[in-house]
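S.K.: starting from these lines, generate the structure:
(chains A and B, ligands or ions: 2)
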Amino acid sequence: MSRYSIFTLARNALTNHENWTEAWRSPEPRPDYDVIIVGGGGHGLATAYYLAAEHGITNVAVVEKGWIGGGNTGRNTTIVRSNYLYDASAGLYEHALKLWEGLTQELNFNVMFSQRGVMNLAHDHHEARDLKRRVNANRLNGIDSEWLDRQQVLDFCPILNRDPAIRYPVYGATLQRRAGTARHDAVAWGYARGADARGVDIIQNCEVTGLDIQGGRITGVETTRGRIGAKKVGVVVAGHASVLAAMAGLRLPIDSHPLQALVSEPIKPVMDTVVMSNAVHAYCSQSDKGEMVIGAGIDLYNSYSQRGSFDVIEETLVAICEMFPILSRLSMMRQWGGVVDVCPDASPIISKTPIGGLYLNCGWGTGGFKATPGSGHVFAHTIARDEPHPINAPFALDRFASGALVAEHGAAAVAH
Amino acid sequence: MMLIECPWCGPRDQSEFRCGGEAHIVRPTDSEGMSDAEWADYVFMRKNPKGIHHERWFHAHGCRRWFNMTRDTVSDRILAVYKVGETSPVGDGAAAEAGAEASK
Ligand SMILES: Cc1cc2nc3c(=O)[nH]c(=O)nc-3n(C[C@H](O)[C@H](O)[C@H](O)COP(=O)(O)OP(=O)(O)OC[C@H]3O[C@@H](n4cnc5c(N)ncnc54)[C@H](O)[C@@H]3O)c2cc1C
Ligand SMILES: [Zn+2]
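M.R.: Ligands and ions are numbered 1, 2, ... in the order given. Just a heads-up that it's a prediction; the model follows:
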């Protein structure tokens, strides 16, 4: 791997940027690997990267049915934060946030992590009490979190609606200053490049169509490009988790739903933070290009169509226009959907399975982008050692039988 | 956006309805003899198929009655609407066919 630096940039500028070498190879699949990762989203690529970088396991393939990062990784609104309520979640998401803080250096790839702060609005006294409880829980877990009163919120984000007579006036907000946004594609590409440099094969346009299981152990995968043998297989396919699980005869507590987002035409900088509101079900940030990036809610029916209903967008935009009257005349430029894997307790599953050598990472639903580095890191540990890292032990599949759910609906159901 | 044929009210906009998830989940009768794993299967585990899905819908902003629907979760095409207690006219053969189609 050639390192990127100001000097390589200058040198390549002299040749009109026509001589950059490709960031990763596109090899033919080998007949066998030590580990196959199914799903080339951010989580799968991060898993492969940490398997190689931290555990010395380099005979690894990432098998992706489309192009890497083309699933939810490339469709999300890129909010990164760690202000979850329970200790287990705080451990997981804060682990990820700490990795985000050094990721550009670690990968030698600019993931454009921008710690511009994330505000969660409260519109009434009751909501404020609930959010203050979360602030306190965060601080007890060593996560930066503060409470802003109405005036402080309006000072921090001046384009918010100041009218006290609207249906959902600003009452206060939590603020996590270390939270923010990142460049979604760069995360996938950076991990892919780092994994490839350490020997990992990244195989695109290769769909897994079956799992070979013999005597209760995984032995390989069937793909559209033939059978590939493997000692271990990690399944990281987001909205398609139930489809892959069914290939192993397993049922999951997951429903796949459409989740939509949209961006406006670009405008001058008006907002240097992220604002979310659970009550009106909308959130917004401004990209470096100037587009307002707006996230909607899920459609309540199951679907793999990668598109949602218009009424969901309409509801979101009604809320956005009341929260930010300045945006009401903007044209929306693009709108799209992803298929998100929603778990009943709004927490992920990072787990061993009843099948030897088969591991599962899914259930991130509407909010897994922020966890990408941490998820890959602990999942690599789980696969390499055949036991969970202490951080993901609470997120095992058997919690649905034991009852030890990690119910994060307050921190995760609306806010992404 | 789907146009949904309520068995009582006729075709209406999807925004009048709420989806109630997988249909035909039968409450187990031997609840005291069940293991935790069996409970987990009943309470939490779902088919979530890519293809034919039998599901419950509620006409929330209409007659406020529940009914069942069979839908293809890849195309969102509605294949059948039928009343609670009935079985879907879209049989398992069709489901298997559409499943094979969907996995292409
Ligand atoms: C509109 C939207 C907004 C969001 N906003 C946020 C946000 O602001 N903050 C946040 O933290 N999260 C957000 N999320 C959630 C976040 O995008 C996901 O949780 C996260 O990106 C999941 O990453 P992943 O790598 O697990 O999945 P993906 O990126 O979806 O990767 C899974 C990959 O598996 C592949 N695959 C599937 N089946 C097969 C098969 N049979 N064989 C081979 N490959 C297969 C897919 O093609 C896909 O590329 C949002 C999601 C959406 C849709
Ligand atoms: Zn009706």
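S.K.: looking at it, A:Arg178 is touching A:Leu97, isn't it?
M.R.: Yes. Assessed by CB atoms under 8 Å, A:Arg178 is found in contact with A:Leu97 at 6.5 Å. Where you see a C-beta, it was placed from the backbone N, CA and C, and this is true even at glycine.
S.K.: what is in contact with these two at once?
M.R.: A:Ser82 (CB atoms under 8 Å, 6 or more residues apart in numbering or on different chains).
S.K.: which of those two has more neighbours?
M.R.: A count of neighbours by other CB atoms under 10 Å in any protein chain shown puts A:Leu97 above the other of A:Arg178 and A:Leu97, at 25 against 20.
S.K.: helix/strand/coil for the closest residue to the more buried one other than its chain neighbours?
M.R.: Distance criterion CB to CB, 6 or more residues apart in numbering or on different chains; nearest residue to A:Leu97, sequence neighbours excluded, is A:Ser82 at 4.2 Å. Secondary structure, DSSP: H, G, I helix; E, B strand; the rest coil: A:Ser82 is coil.
S.K.: which elements pack onto the helix or strand that B:Trp39 is a member of?
M.R.: Taking DSSP states H and E as the definition, B:Trp39 sits inside helix B:36-43. Helix B:36-43 sits against helix A:399-402, with contacts defined as 3 or more CB pairs under 8 Å, 6 or more residues apart in numbering or on different chains; DSSP states H and E.
S.K.: ok but A:Ile37 is inside a helix, no?
M.R.: No. Read with three-state DSSP, A:Ile37 is strand and lies in no helix.
S.K.: ok, which stretches of the stretch 251-400 of chain A are strands?
M.R.: In the stretch 251-400 of chain A, the segments counted as strands under DSSP state E, counting those that start in this stretch are A:255-264, A:274-277, A:282-286, A:292-298, A:332-342, A:349-352, A:358-362.
S.K.: what sits against A:Ser277?
M.R.: A:Ser277 touches A:120-121, A:123, A:168, A:283, A:319, A:323, A:414, counting by CB under 8 Å, 6+ apart.
S.K.: try 6 Å
M.R.: Contacts for A:Ser277 (CB atoms under 6 Å, 6 or more residues apart in numbering or on different chains) come out as A:Leu121.
S.K.: go on, the one 5 residues further on?
M.R.: A:Ala282 makes contacts with A:316, A:319-320, as judged by CB under 6 Å, 6+ apart.
S.K.: ok, now B:Thr73?
M.R.: B:Thr73 touches A:302-304, B:53, counting by CB under 6 Å, 6+ apart.
S.K.: closest one of those to A:Gly71?
M.R.: If you rank these by distance to A:Gly71 using CB to CB, A:Tyr304 comes first, at 11.5 Å.
S.K.: for A:Gly69, see how far away A:Arg75 is.
M.R.: Here the distance between A:Arg75 and A:Gly69 works out to 9 Å (CB to CB, to the nearest Å).
S.K.: more neighbours, these two?
M.R.: A:Gly69 (23 against 20).
S.K.: got phi/psi on the residue lying closest to that one once chain neighbours are set aside?
M.R.: Once flanking residues are discounted, A:Gly69 sits nearest to A:Ala188: 3.1 Å by CB to CB, 6+ apart. Backbone torsions of A:Ala188, given as degrees, to the nearest 10, read phi -60, psi -50.
S.K.: surely B:Glu16 meets B:His61?
M.R.: Yes. Between B:Glu16 and B:His61 there is a contact at 4.2 Å, judged by CB atoms under 6 Å.
S.K.: neighbour count for those two, which is higher?
M.R.: B:Glu16 (16 against 12).
S.K.: pick the most deeply packed of the strands of the stretch 251-400 of chain A.
M.R.: Compared across those, strand A:358-362 shows the largest average neighbour count, a mean of 27 (mean count of other CB atoms under 10 Å in any protein chain shown).
S.K.: sheet partners, orientation included, of that one?
M.R.: Within its sheet, strand A:358-362 is paired with strand A:226-235 (parallel), strand A:349-352 (antiparallel), according to DSSP bridges.
S.K.: do you know which of the ones you listed lies nearest A:Pro158?
M.R.: Here strand A:349-352 is closest among these (CB to CB), at 40.1 Å.
S.K.: state the mean pLDDT of the closest one.
M.R.: Averaged across strand A:349-352, pLDDT comes to 98.
S.K.: identify the residues contacting it?
M.R.: In contact with strand A:349-352 (CB under 6 Å, 6+ apart) are residues A:359-363, A:379, A:392, A:395-397.
S.K.: just the CA trace of it, in PDB.
M.R.: Provided in PDB are the C-alpha atoms of strand A:349-352 (Å, rounded to 0.1, in the frame of the first residue of the first chain):
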ATOM      1  CA  ILE A 349     -26.600  -8.600  18.100                       C
ATOM      2  CA  ILE A 350     -22.900  -9.300  18.000                       C
ATOM      3  CA  SER A 351     -22.700 -13.000  18.800                       C
ATOM      4  CA  LYS A 352     -21.700 -16.600  18.400                       C
END
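S.K.: before we move on, back to that, for the strands of the stretch 251-400 of chain A, give me a markdown table that also has distance to A:Tyr49.
M.R.: Below are the strands of the stretch 251-400 of chain A laid out as a markdown table (distance: least, CB to CB, whole Å):
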| stretch | distance to A:Tyr49 |
| --- | --- |
| strand A:255-264 | 26 |
| strand A:274-277 | 27 |
| strand A:282-286 | 27 |
| strand A:292-298 | 26 |
| strand A:332-342 | 22 |
| strand A:349-352 | 16 |
| strand A:358-362 | 14 |
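S.K.: mind checking which of those is nearest ligand 1?
M.R.: Of all these, it is strand A:332-342 that lies closest to ligand 1, at 2.6 Å by CB to the nearest ligand atom.
S.K.: could you list the low-pLDDT ranges of chain B?
M.R.: Scanning chain B for pLDDT under 70 picks out the ranges B:92-104.
S.K.: one step back: which among the contacts of A:Ala282 count as buried?
M.R.: Buried subset of the contacts of A:Ala282 (neighbour count, 16 or more other CB atoms under 10 Å in any protein chain shown): A:316, A:319-320.
S.K.: return the member of those nearest to A:Leu140.
M.R.: A:Ala319 (31.7 Å).
S.K.: ok, the closest one to chain B distance?
M.R.: Taking CB to the nearest CB, to the nearest Å as the measure, A:Ala319 falls 16 Å from chain B.
S.K.: pretty sure that residue sits against A:Tyr283.
M.R.: No. A:Ala319 is beyond contact range of A:Tyr283, at 9.4 Å (criterion: CB under 6 Å).
S.K.: what's the pLDDT at A:His281?
M.R.: pLDDT, A:His281: 88.
S.K.: dig out what A:Ile203 forms beta bridges with.
M.R.: A:Val63.
S.K.: number of nearby residues for it?
M.R.: Applying other CB under 10 Å, I find that A:Ile203 has 22 neighbouring residues.
S.K.: so what's it up against?
M.R.: A:29, A:61, A:63.
S.K.: how does it look with 8 Å?
M.R.: By CB under 8 Å, 6+ apart, the neighbours of A:Ile203 are A:26-27, A:29, A:61-64, A:225.
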